[in-house]
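# quick one, structure for this:
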Amino acid sequence: MSINPQELLRFATAGSVDDGKSTLVGRILHDTKSVLVDTLASVERASRAKGLTATDLALLTDGLRAEREQGITIDVAYRYFSTRNRSFILADTPGHVQYTRNMVTGASTAELALVLVDARHGVVEQTRRHVAIVALLGVRHIVLAVNKMDLINYDAHRFAEIEGRFSEIAAALGVTDALAIPVSALDGDNVVDRSERMPWYIGPTLLEHLEKVPVGQDPADEPMRFPVQYVIRPRSDVHHDYRAYAGKVAHGIVRVGDEVVIQPIGHRSTILAIDGLSGPLEFAVASQSVSLRLADDLDISRGDLISTAGDSAPIIQELTADICMLSDRSLGAGDRVLVQHGTRTIAARVSEVIARLDVGTLRPVEFAAPLALNDIGLVRLELSQLLPVDNYARLRRTGSFLLIDSSDGSTIAAGMSITAASELAS
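Presented below is the predicted three-dimensional model:
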């Protein structure tokens with residue numbers, strides 16, 4: 001059974017400060033006619049108030065007053081737009097190193113990352129950091145937009161130099177689909193329309209690539225995963241035997257009649273019925289919210305994972321994972337945290353900090369000290385309970401987790417579980 005995923009591309013932008021990322025996003029929205037007339041008029045007024053003679057398209061995305069005053073993007077802004085060929089959800093993420101944690105949030109669900117560099121400066125440390133993060137997050141497609149080509153007189157040799165360096169970094173991080181495109185966001189060259197000032201470039205425009213890059217994953221190619229969010233037990237005497245398990249299918253396809261296993265307890269059963277919002281269903285696919293009814297009366301609660309019986313998640317009590325630090329609080333050996341995995345939250349202890357990624361060399365460095373904000377590291381956790389966790393490289397949603405500060409509930413880090421040698425340890 002093959003199910004074509006919806007033609008929707010989720011992509012995230014990233015880049016260093018002043019690379020022109022917000023202008024590029026504004027240019028995409030403007031040239032695809034995705035901006036309301038009154039919104040464009042408001043931006044034109046704001047541009048005049050800044051003393052500009054031309055419309056500052058960056059204001060289409062930098063909506064926060066603090067961002068406009070500082071000229072930088074400090075939060076993740078989500079934009080929705082469509083063309084005749086595809087719909088898009090764009091996460092415009094911060095460029096400053098101080099806000100790398102926001103960039104992690106924006107890229108965590110993306111299928112493509114759009115990384116900008118200034119053609120005058122080329123690949124810088126923050127570029128390497130962004131590419132390393134999106135590679136670690138399992139983003140399959142990366143585009144390097146070499147912006148401000150107008151400021152280097154559309155120099156083909158300079159573009160080739162930057163493209164070569166980018167290709168080296170992508171290859172070192174295991175990224176197999178990486179493309180560089182020369183653009184000028186200010187003038188629109190190679191963004192939506194092809195540039196006549198760069199005839200030496202024969203590749204696609206940015207929008208052409210965004211419209212054609214493969215999206216989604218065929219659910220039939222993945223084992224089924226269903227984190228239980230809520231147990232439904234109606235109080236009516238008429239339905240006193242009814243019990244269903246509500247949640248969202250994380251991966252794969254669940255069908256009536258499928259044999260499943262309840263994790264971590266290990267009990268097996270069969271899918272008796274699937275209830276959707278509009279009535280009974282024969283099957284449900286990834287990202288669909290449904291309620292499952294089982295043939296057996298089992299003790300199942302929130303946080304349990306219903307999985308394909310023949311291909312279930314590994315059950316572990318020691319978790320080795322790559323993490324991206326998102327908090328000002330450091331994280332070191334001996335620290336006690338909460339692990340939020342799917343709909344389950346359990347206590348854990350950091351038993352070891354193994355390594356930290358050197359952004360300059362893209363190589364892991366043995367590191368026993370606590371990890372700090374924006375660090376990318378490899379850690380080992382001792383879990384207080386058995387937990388079904390997939391390898392992140394195989395199944396992103398059930399292989400990811402958050403580390404939570406038990407004292408105030410704040411997020412410390414985003415984690416990607418591994419069951420074999422880590423990318424950082426290779």
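
# for the residue lying closest to Leu362 once chain neighbours are set aside, grab phi and psi.
Leaving aside its chain neighbours, Leu362 sits nearest to Ala172 (5.2 Å; criterion: C-beta to C-beta, 6 or more residues apart in numbering). Any C-beta I mention is one placed from the backbone N, CA and C, and that applies to glycine too. The phi/psi pair for Ala172 (degrees, to the nearest 10) reads phi -60, psi -30.

# kindly report the same for Ser167.
According to degrees, to the nearest 10, Ser167 has phi -60, psi -40.

# what do you get for the one 3 residues further on?
With angles defined as degrees, to the nearest 10, Ala170 sits at phi -60, psi -40.

# who does the one helix or strand Thr320 maps to touch, helix- and strand-wise?
Under the criterion of DSSP states H and E, Thr320 resides in strand 315-325. Applying 3 or more C-beta pairs under 8 Å, 6 or more residues apart in numbering; DSSP states H and E, we find strand 315-325 packed against helix 100-107, helix 125-136, strand 344-358, strand 376-388, strand 411-418.

# the next helix or strand after it - what's its average pLDDT?
Downstream of strand 315-325, the next assigned helix or strand under DSSP H and E is strand 336-341. What strand 336-341 shows for mean pLDDT is 96.

# in the stretch 151-300 of the chain, which spans are helices?
Counting by DSSP state H, counting those that start in this stretch, the segments of the stretch 151-300 of the chain that form helices are 156-172, 206-212.

# go on, the stretch 1-150 of the chain?
Under the criterion DSSP H, counting those that start in this stretch, the stretch 1-150 of the chain carries helices at the ranges 21-31, 37-49, 65-70, 100-107, 125-136.

# least confident of the ones you listed, on average?
Lowest mean pLDDT within the helices of the stretch 1-150 of the chain: helix 65-70, a mean of 42.

# just give the number of residues close to Ala220.
By the criterion of other C-beta atoms under 10 Å, Ala220 has 11 neighbours.

# please apply the same query to the one 4 residues further on.
Burial of Met224 is recorded as 24 neighbouring residues (other C-beta under 10 Å).

# and what of Ile181?
Using other C-beta under 10 Å, Ile181 has 23 neighbouring residues.

# how much space is there between it and Gly51?
Separation of Ile181 from Gly51 (C-beta to C-beta, to the nearest Å): 32 Å.

# need the helices and strands packed on strand 315-325 in JSON lines (columns: mean neighbour count and distance to Ile262).
Output for the helices and strands packed on strand 315-325, formatted as JSON lines (neighbours: other C-beta atoms under 10 Å; distance: least, C-beta to C-beta, whole Å):
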{"stretch": "helix 100-107", "mean neighbour count": "23", "distance to Ile262": "31"}
{"stretch": "helix 125-136", "mean neighbour count": "23", "distance to Ile262": "31"}
{"stretch": "strand 344-358", "mean neighbour count": "19", "distance to Ile262": "13"}
{"stretch": "strand 376-388", "mean neighbour count": "20", "distance to Ile262": "10"}
{"stretch": "strand 411-418", "mean neighbour count": "22", "distance to Ile262": "20"}
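
# alright, that wraps it up for me.
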